[in-house]
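Colleague: quick one: sequence plus predicted model below, questions after.
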Amino acid sequence: MRILHTSDWHLGRSFHREDLLDAQAAFVDHLVDTVRAERVDAVVVAGDVYDRALPPVDAVQLASEALRRLAAEGVRVVVTSGNHDSAHRLGFAAELIDAAGIHLRTTPASVGRPVLLPDAHGTVAFYGLPYLEPDAVREPWELPERSHAAALGEAMRRVRADVADRGPTRSVVLAHAFVTGGQASESERDISVGGVSQVSADLFDGADYVALGHLHGRQTIRPHVRYSGSPLAYSFSEAGHRKGSWLVELDSGGVSTTEFVEAPVPRRVATVRGRLESLLQDPRHAGLEDCWLKVVLTDPVRPAEAMVRLRDRFPHALVLGFEPDAGAERPERSWTERVAGLSDIEVAAGFVADVRGQAADEPETRLLQEAIDCCRVGEDAA
C-alpha cells in the first residue's frame, strides 16, 4: 500500500499580510498530481487543515475542492483535526462523507475505530488521533493526570486494544502532537499544559507507521515516526526547510520504503542583515530580490525611510528589524534613572533618540509636544 503523509495545510493563513491562498491552491494541484503519478492508495492529513477554528469562506472552498479532487482520483483520504481546527466544524457530517472515501476523524470517541483499507497483503487499519486537549478528555476518560502524555497514552491504549482484537493487522496512526526530539519553528501555536508540551515517541509503540502533524518542519523522529511538516513556509524561521509530503510504502511486514516528495515553492523566504547602503548595493544579494524577506539593519543610527528604500531593490521585503552593530554605545543607567526629573517632552524626545540613534528634529519635536498636549486635554476632560 502506498500512503502519502501530509499535514498542517493551515488554509486561510497569510504570511505577514501576504495572501497565501493561491500558493495553497498550487499545493493542492501538486498533491493531486502526486497521487496520480505515484499511484497512491491513501492520503493521510495529520491535522491543522485550517489556520483557525472559524476559517474564511475561500479557505473552506479550497479544502472542499481538495477533498473532491482526491475522491475523484479514487484515493482514500483520512483526516484528523489539529489544534488550529474546530473539531466540530471539520468533522461535520463525517459519517455521510465516509461513503465518498473521505474519512474525517475529529472526536475523541473515534480514536479506537479505524478506517480499514485492504491491499495485497491483507488489511491496514488507519487510526486518526485528533489533537486531544487534556482538559477535554481527562474526566470522560478518567485520566490520572492533566497532560498530553496521559491523553495520548489513553488514545494509544485504545488503538492497541483494537489491533489486538483484530489479530494480525498492520496499523497506521495519525496524531497531532509535539513529540520529543522534534524541532519547532516560530509558526506553531504553543500547546503547553502545565508547562509541558512534548510527549515521548514511546507512546506510539506497536504502530507500523506514525504520521505526525503540528511541527512545520519535515522530521524523522524514528524510522517509522515522522513529521511531514507544512507544505509552505509560515515563518522566517522556516527559511531552510524543504517542504512536501512523505510517500510511504507498506508491505506485509510494515514500512518498506519512504521517500520525500517536495512541494512547489511559490516564493522563497529569507533573512538578511547588514547596513542599509551595503544591502542596497552589494551584488551578492541579487538572489534575494524575489524573496519574501526579513531585513535586520545593523547601522549605528536607524536610517530614515529604510523600508521604502529597501523595497526599491527588494520589492517583497516584509519585515524590518534594527540591531545596531555590537560596537554601538549603550547607556549603562536604567530608564528610571535616566528620566528622573525630566519633563514629558524631554522623556519623549529622549526615547526617540535612544531607539533611532538620532535626536528628533524640530518638526518631530513639535509633533511630540502636540501629542503630549492632546493627552493632557484628555486627562483634564476625564
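Modeller: Looks like it came in fine. Everything quoted here is computed from the prediction, not taken from an experiment.

Colleague: report the secondary structure state of residue 185.
Modeller: In terms of secondary structure, residue 185 is coil; the call rests on DSSP: H, G, I helix; E, B strand; the rest coil.

Colleague: wait, it sits on residue 219?
Modeller: No: taking CB atoms under 8 Å as the definition, residue 185 is not a contact partner of residue 219, at 10.8 Å. Any C-beta I mention is one placed from the backbone N, CA and C, and that applies to glycine too.

Colleague: any residues in contact with both of these two?
Modeller: With contacts defined as CB atoms under 8 Å, 6 or more residues apart in numbering, no residue is shared by residue 185 and residue 219.

Colleague: show the end-to-end separation of stretch 355-368, please.
Modeller: This stretch, stretch 355-368, spans 15 Å end to end (CA to CA, to the nearest Å).

Colleague: now swap in stretch 310-324 and tell me
Modeller: With CA to CA as the measure, the first residue of stretch 310-324 is 17 Å from its last.

Colleague: same deal with stretch 284-300?
Modeller: Taking CA to CA, the span from the opening residue of stretch 284-300 to its closing residue is 22 Å.

Colleague: check stretch 113-129 too.
Modeller: This stretch, stretch 113-129, spans 10 Å end to end (CA to CA).

Colleague: what segments of the stretch 51-200 of the chain are strands?
Modeller: Under the criterion DSSP state E, counting those that start in this stretch, strands of the stretch 51-200 of the chain are mapped to 76-80, 102-105, 115-119, 122-129, 170-176, 178-179, 198-199.

Colleague: what about the fourth one, average pLDDT?
Modeller: Strand 122-129 comes out with an average pLDDT of 97.

Colleague: what's the angle from that strand to strand 115-119?
Modeller: Following axes from the mean of the first three to the mean of the last three CA atoms, to 10 degrees, one obtains 150 degrees for the angle between strand 122-129 and strand 115-119.

Colleague: and strand 122-129, what does it pack against?
Modeller: Strand 122-129 is packed against strand 42-46, strand 76-80, strand 102-105, strand 115-119, helix 148-166, strand 170-176, with contacts defined by 3 or more CB pairs under 8 Å, 6 or more residues apart in numbering; DSSP states H and E.

Colleague: please repeat the previous calculation with a cut-off of 10 Å.
Modeller: Contacting strand 122-129 under the criterion 3 or more CB pairs under 10 Å, 6 or more residues apart in numbering; DSSP states H and E are the following elements: strand 42-46, strand 76-80, strand 102-105, strand 115-119, helix 148-166, strand 170-176, strand 209-213.

Colleague: in its sheet, what does the shortest one sit against?
Modeller: Strands flanking strand 102-105 in the sheet, each with its direction: strand 76-80 (parallel) (DSSP bridges).

Colleague: and the strand it pairs with, which residues are buried?
Modeller: 76-80 (16 or more other CB atoms under 10 Å).

Colleague: from those, pick the one nearest residue 54.
Modeller: Each of the buried residues of strand 76-80 was checked against residue 54 using CB to CB; the closest is residue 79, at 18.1 Å.

Colleague: my read: the closest one touches residue 43, true?
Modeller: Yes: taking CB atoms under 10 Å as the definition, residue 79 is a contact partner of residue 43 at 8.6 Å.

Colleague: need the overlap of contacts for those two.
Modeller: Counting by CB atoms under 10 Å, 6 or more residues apart in numbering, the contacts common to residue 79 and residue 43 are 6, 67, 102.

Colleague: in JSON lines, list those along with neighbour count.
Modeller: Shown next, in JSON lines, are the shared contacts of residue 79 and residue 43 (neighbours: other CB atoms under 10 Å):
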{"residue": "6", "neighbour count": "24"}
{"residue": "67", "neighbour count": "21"}
{"residue": "102", "neighbour count": "19"}
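
Colleague: including distance to residue 267 and pLDDT, could those residues go into a markdown table?
Modeller: Supplementary listing: the shared contacts of residue 79 and residue 43 in a markdown table, determined by distance: CB to CB, whole Å; pLDDT from 0 to 100:
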| residue | distance to residue 267 | pLDDT |
| --- | --- | --- |
| 6 | 20 | 98 |
| 67 | 26 | 97 |
| 102 | 31 | 97 |
